[in-house]
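> only the shape, not the letters, is given here:
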């Protein structure tokens with residue numbers, strides 16, 4: 001039985017991850033934690049998640065619970081996730097991170113830490129989105145430079161980072177298939193007299209409104225036709241289920257950084 005520790009247990013994603021753990025085979029919630037000033041600290045993790053008592057109290061730090069589990073599941077905040085990864089590396093615990101908004105320096109730190117423990121790091125744990133990555137590789141390769149590429153992403157009003165980590169990864173997948181450097185060709189938003197669109201740019205547009213869970217569309221626009229590939233998430237459970245699947249997979253793997261493509265056998 002895999003013993004899971006859930007970070008950010010008082011948040012919306014933390015609660016859904018806890019709920020999905022209780023529904024999955026081969027894994028159990030062994031511990032949960034939050035930041036010290038969170039009102040959920042000291043309460044039963046199941047009650048906070050809205051699924052009834054589980055007998056697991058939410059603690060106020062990873063240090064308080066790290067010895068109770070085999071894998072840490074973290075959908076918190078980029079700065080916190082990096083610190084949690086450092087501690088996981090020190091203890092040799094496996095980890096699943098679905099947090100987004102990392103800086104280049106933070107990604108580099110995670111790469112360095114992952115030399116000491118197995119880490120699944122993915123901006124989107126959804127099975128459907130990770131299948132979308134593979135579909136986009138094929139589409140971009142076939143369509144080539146004759147089609148303009150635009151990415152539109154929409155999320156709820158409370159999302160802190162923009163564009164979404166998923167939108168950025170979609171852009172990187174397409175750019176790689178087209179033989180382009182994503183950092184050089186990405187264009188974020190547009191305003192004013194911008195002139196004619198350059199042939200190789202990849203546009204990324206951001207929408208923030210209401211309670212949208214997550215929507216991503218990649219548009220290939222040619223002369224006389226366009227192709228749109230869209231993924232829409234209607235529930236956070238799709239991400240939570242993917243995270244639980246990753247947690248079951250990563251325990252016992254050699255140290256290193258893995259993706260959901262590895263978890264799903266798509267790499």
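On my side now, so go ahead. Fair warning: this is a prediction, and the values are worked out from it, not measured in the lab.
> please make it C-alpha for all contacts and neighbour counts, starting now.
OK.
> verify the contact between residue 157 and residue 209 for me.
Yes. Assessed by C-alpha atoms under 8 Å, residue 157 is found in contact with residue 209 at 4.7 Å.
> what is the burial count for residue 111?
For residue 111, the tally of surrounding residues (other C-alpha atoms under 10 Å) stands at 16.
> a strand runs through it, doesn't it?
No. Under DSSP: H, G, I helix; E, B strand; the rest coil, residue 111 falls outside any strand and is assigned helix.
> which SSE is residue 179 in?
Assigned by DSSP states H and E, residue 179 belongs to no helix or strand.
> what ranges does the stretch 51-200 of the chain have for its helices?
With helices called from DSSP state H, counting those that start in this stretch, the stretch 51-200 of the chain shows them at 78-91, 104-113, 127-143, 165-177, 182-185.
> backbone dihedrals for residue 205, please?
phi -110, psi 140 (degrees, to the nearest 10).
> how about the contacts made by the closest residue to residue 264 other than its chain neighbours?
Of all residues not flanking residue 264 in the chain, residue 127 sits nearest, at 7.7 Å (C-alpha to C-alpha, 6 or more residues apart in numbering). Counting by C-alpha atoms under 8 Å, 6 or more residues apart in numbering, residue 127 makes contact with 238, 242, 264.
> any chance of those in CSV with neighbour count as columns?
Shown next, in CSV, are the contacts of residue 127 (neighbours: other C-alpha atoms under 10 Å):
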residue, neighbour count
238, 19
242, 22
264, 15
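> of the residues you listed, closest to residue 183?
Here the nearest of the contacts of residue 127 to residue 183, counting by C-alpha to C-alpha, is residue 264; it sits at 27.1 Å.
> could you report the pLDDT at that closest one?
Reading off the confidence values, residue 264 has pLDDT 91.
> do residue 217 as well
At residue 217, the predicted lDDT confidence score is 98.
> torsion angles phi and psi at it?
When quoted as degrees, to the nearest 10, the phi and psi of residue 217 stand at phi -130, psi 130.
> skipping adjacent residues, who's closest to it in space?
Nearest one to residue 217, counting by C-alpha to C-alpha, 6+ apart, is residue 230 at 4.2 Å.
> assign a three-state SS to that neighbour, would you?
Three-state call for residue 230 (three-state DSSP): strand.
> among the helices of the stretch 51-200 of the chain, which comes closest to residue 200?
Using C-alpha to C-alpha and comparing the helices of the stretch 51-200 of the chain, the one that lies nearest residue 200 is helix 182-185, at 6.4 Å.
> could you give the average pLDDT over the closest one?
96.
> list the contacts of that helix.
Under the criterion C-alpha under 8 Å, 6+ apart, residues 171, 172, 175, 176, 200, 201, 202 lie in contact with helix 182-185.
> got it, and stretch 194-214?
145, 148-159, 162-163, 167, 171, 175, 180, 182, 185-189, 232-236.
> ranges for the strands of the protein?
2-7, 27-33, 58-59, 71-74, 94-97, 118-121, 148-155, 186-188, 202-208, 214-221, 226-233, 256-258 (DSSP state E).
> with adjacent residues omitted, what lies nearest to residue 36?
residue 60 (4.6 Å).
> how much space between the one you found and residue 80?
From residue 60 across to residue 80, the span is 13 Å (C-alpha to C-alpha, to the nearest Å).
> more neighbours: these two, which one.
More crowded of residue 60 and residue 80, by other C-alpha under 10 Å: residue 60, with 20 against 16.
> which residues does that one contact?
Applying C-alpha under 8 Å, 6+ apart to residue 60 gives the contacts 33, 34, 35, 36, 37, 41, 42.
> and it, what's its pLDDT?
For residue 60, pLDDT reads 97.
> what of the one 4 residues further on?
Looking at residue 64, its pLDDT stands at 97.
> quick one: contacts for the residue nearest the centre of the chain?
Nearest residue to the geometric centre of the chain (C-alpha atoms, centre = their mean): residue 123, 2.6 Å. Under the criterion of C-alpha under 8 Å, 6+ apart, the neighbours of residue 123 are 98, 99, 100, 165, 166, 169.
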